[in-house]
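S.K.: sequence-free structure coming up:
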């Protein structure tokens, strides 16, 4: 099918930074090399980021049957660019095309992923992001984690609608190479181990003409999630650790949410200790629940995953202490990097 298209297809570079991903890279490459998109209109660049397993060998096997697949091998960490930024920087410099699309080695895009991106990436858009739910075997954890992730993506979509880049995820995003170059790439955030997605977006904000969030089912990229407890703790801590590097405007927004949750917990304590009337307590709870329910419902309806709201009542009980705990741990604590 890839060679039977007609129409206006952008030339796109798909970039993936992979480290010790021998368990995942084969599946991803099978998907990416078989996308329903003209083969001469896109390239795949895998940046092997100092892997100690068979990641590079698997990519080389696929190169034998995919002319549009390139391998960039990073042997040592760049002293200026921590984490995977060094690998991404090399891949971006090697990219032949203006339109850069990013995903991770443990992700599962749809066959029509590039077609949907091509259709929605209009001439005035400089940066886009899409939804990326998690693949989790345990159904309870699946609902709980994906509802929490949906709330973050709803913030992404809502702020993109205001043309304000607050957050995004590298699992499913893209931007113009010219904007990356104009904003001097990862300079200024290179020393931070994470943040190749949201911190870069915040850095690019002033140069971006228009942001766009992709809602269509074919633009969704599923992602495998490590279910080990330690992996989850490190992941959530790493996400929260970036707060100290956010611009003042975004720090104020997240600080407001943090303080709001603290006051809400204080209200619960006052109610239990009979220092807050029943009517006032339930009024506060009802306003909070209704606002958050409607906020999530609008987003989940757009991405056709309204069923996640089934776990909303339980998630409400868990999320406030969860948010406060990781907010403090990410700001003050440490985490392990792969």
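M.R.: Perfect, I can see it now. Only a predicted model underlies this, so the values are computations on that prediction, with no experimental measurement involved. Residues are numbered from 1 along each chain as shown.
S.K.: Tell me how far the nearest residue to residue 293 once chain neighbours are set aside lies from residue 217.
M.R.: Excluding its sequence neighbours, the residue lying closest to residue 293 (C-beta to C-beta, 6 or more residues apart in numbering) is residue 312, at 6.3 Å. C-beta: built from backbone N, CA, C; applies to glycine. Residue 312 is 22 Å from residue 217, where distance means C-beta to C-beta, to the nearest Å.
S.K.: So these two - more neighbours on which side?
M.R.: residue 312 (17 against 12; other C-beta atoms under 10 Å).
S.K.: Can you name the residues that contact that one?
M.R.: 147, 293, 296 (C-beta atoms under 8 Å, 6 or more residues apart in numbering).
S.K.: Dump these into a markdown table; add distance to residue 193 as well.
M.R.: As requested, the contacts of residue 312 are arranged in a markdown table below (distance: C-beta to C-beta, whole Å):
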| residue | distance to residue 193 |
| --- | --- |
| 147 | 27 |
| 293 | 36 |
| 296 | 30 |
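S.K.: Would you mind checking which of those residues is nearest to residue 178?
M.R.: residue 296 (35.6 Å; C-beta to C-beta).
S.K.: ok, and for the helix or strand encompassing the closest one, which residues are buried?
M.R.: Element membership for residue 296 (DSSP states H and E) is helix 278-302. Buried positions in helix 278-302, judged by neighbour count with 16 or more other C-beta atoms under 10 Å: 284, 288, 292, 296, 299, 300.
S.K.: what does stretch 157-173 give?
M.R.: Buried residues in stretch 157-173 (16+ other C-beta under 10 Å): 157, 159, 160, 165, 166, 167, 168, 169, 170, 171, 172, 173.
S.K.: ok, the last one to residue 42 distance?
M.R.: By that I understand residue 173. From residue 173 to residue 42 the distance is 16 Å (C-beta to C-beta).
S.K.: same deal with the third one?
M.R.: When C-beta to C-beta is the yardstick, residue 160 and residue 42 sit 24 Å from each other.
S.K.: try residue 263
M.R.: For residue 263 relative to residue 42 (C-beta to C-beta), the value is 50 Å.
S.K.: So between these two, which is more surrounded?
M.R.: Neighbour tally, residue 263 and residue 42, criterion other C-beta under 10 Å: the higher count belongs to residue 42, 24 against 10.
S.K.: What pLDDT does the model give residue 125?
M.R.: Listed pLDDT for residue 125 reads 98.
S.K.: show me what contacts it?
M.R.: 209, 210, 211, 212.
S.K.: among these, which are in strands?
M.R.: 211, 212 (DSSP state E).
S.K.: Tabulate the contacts of residue 125 in CSV, adding columns for distance to residue 138 and neighbour count.
M.R.: Listed next are these as CSV, based on distance: C-beta to C-beta, whole Å; neighbours: other C-beta atoms under 10 Å:
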residue, distance to residue 138, neighbour count
209, 42, 12
210, 39, 13
211, 34, 25
212, 33, 21
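S.K.: Show the end-to-end separation of stretch 178-195, please.
M.R.: 20 Å (C-alpha to C-alpha, to the nearest Å).
S.K.: if we can go back for a sec, nearest to residue 47, of the buried residues of stretch 157-173?
M.R.: The closest of the buried residues of stretch 157-173 to residue 47 turns out to be residue 170 (C-beta to C-beta; 12.3 Å).
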